[in-house]
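Enquirer: below is the structure, and that's it, no one-letter string:
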């Protein structure tokens, strides 16, 4: 959202990730079950928002995800 500060993005990352996981419509296939893909959507959207907020604030993200690529 335009005009949000990094702290706002961090604060709402879980909420936005939950919405994304509810809205995605994955299919089960040899790469995984639809429920698994839905859960991974939640995990990756939350992580992306937290990393982006940290980088926007001029900080490096948590050491657990040093190579996270934001596209």
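Expert: Structure received. Remember, predicted model here, so these are calculated numbers, not experimental data. Numbering: from 1, shown residues only.

Enquirer: quick check: residue 45 vs residue 5, distance?
Expert: Note on residue 45: its distance to residue 5, by C-beta to C-beta, to the nearest Å, is 19 Å. Heads up, the C-betas are built off the backbone N, CA and C, glycines and all.

Enquirer: comparing those two, which residue is more hemmed in?
Expert: Between residue 45 and residue 5, counted using other C-beta atoms under 10 Å, residue 45 has the larger neighbour count: 19 against 11.

Enquirer: grab the longest helix from the chain for me.
Expert: Longest helix of the chain, by residue count under DSSP state H: helix 34-56.

Enquirer: that one: which residues count as buried?
Expert: 37-38, 41-42, 45-54 (16 or more other C-beta atoms under 10 Å).

Enquirer: which elements pack onto it?
Expert: Contact partners of helix 34-56 among helices and strands, from 3 or more C-beta pairs under 8 Å, 6 or more residues apart in numbering; DSSP states H and E: helix 6-23.
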